[in-house]
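K.L.:
here is my input; please provide its structure:
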Amino acid sequence: MRIVFATNNLHKIQEINAILGTAIQIVGLRDIGCSEALPETQDTLSGNALQKARYVAEYYGVDCFSEDTGLEIEALHGAPGVDTAHYAGPARDPQANMQLVLRQLQGNVHRAAQFRTVIALYLQGKEHLFEGVVRGQIAVAPRGQGGFGYDPIFIPEGYTQTFSELPADVKNRISHRAKAAQALTVFLSELKN
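P.N.:
Predicted structure coming up:
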């Protein structure tokens, strides 16, 4: 099965392909000639994911899925949440985003957080939602060279390393995106049977 992942973020495409293996061929927006920024004007992760999937389905006539991910920090009342990608401003600078979070948590011992991913699948005119959550803590400083986004400051529950320090195969097995993608895979494989 071939399906469009409504993103031009190569890191996300690589991560999803690593999670899904060969069961489903994932292509990005560039592969269908879509280079414009997709709308993300909703105030929830599921709303943004659905909005992007609907846009691609409507304007490009393809079945697709989209995702929106938020880092939700308890001490910041769920922020950055839906604003995760542009928390420090419209430039979507991961370093600036991380530094803002670390400044806001400075001196705070309560560092519980979770990453949450919502995948919206638009398939044959119907919409489906899948969610994945991984709980953890925010580190006091960035650690590690791997991953992307907030990975250098997020320590998943049950581990002492950040997502950036963990081997990619471990992260791809336990992450929020992995959990949502696994639910998507189960759904798609049941359709094929």
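K.L.:
got the buried residues for the helix or strand bottoming out on mean pLDDT in the chain?
P.N.:
Lowest on mean pLDDT, DSSP states H and E among the helices and strands of the chain sits helix 10-20, with a mean of 81. The neighbour-count check on helix 10-20 (16 or more other Cβ atoms under 10 Å) flags 12-13, 15-17, 19-20 as buried. In short, each C-beta sits where N, CA and C put it, glycine included.
K.L.:
which strand residues bridge the most centrally placed residue in the chain?
P.N.:
Note on the chain: the residue nearest the mean C-alpha position is residue 69, at 3.8 Å, using Cα atoms, centre = their mean. When assigned by DSSP bridges, residue 69 has beta-bridge partners residue 117.
K.L.:
which residues touch residue 62?
P.N.:
Neighbour list for residue 62: 4, 32, 56 [criterion: Cβ atoms under 8 Å, 6 or more residues apart in numbering].
K.L.:
three-state assignment of it?
P.N.:
Under DSSP: H, G, I helix; E, B strand; the rest coil, the three-state class of residue 62 is coil.
K.L.:
one more: residue 108?
P.N.:
Residue 108 is classified as coil under three-state DSSP.
K.L.:
residue 116 versus the closest residue in space to it that isn't next to it in sequence, what's the distance?
P.N.:
Distances taken as Cβ to Cβ, 6 or more residues apart in numbering put residue 75 closest to residue 108, at 5.2 Å, once the chain neighbours are dropped. From residue 75 across to residue 116, the span is 16 Å (Cβ to Cβ, to the nearest Å).
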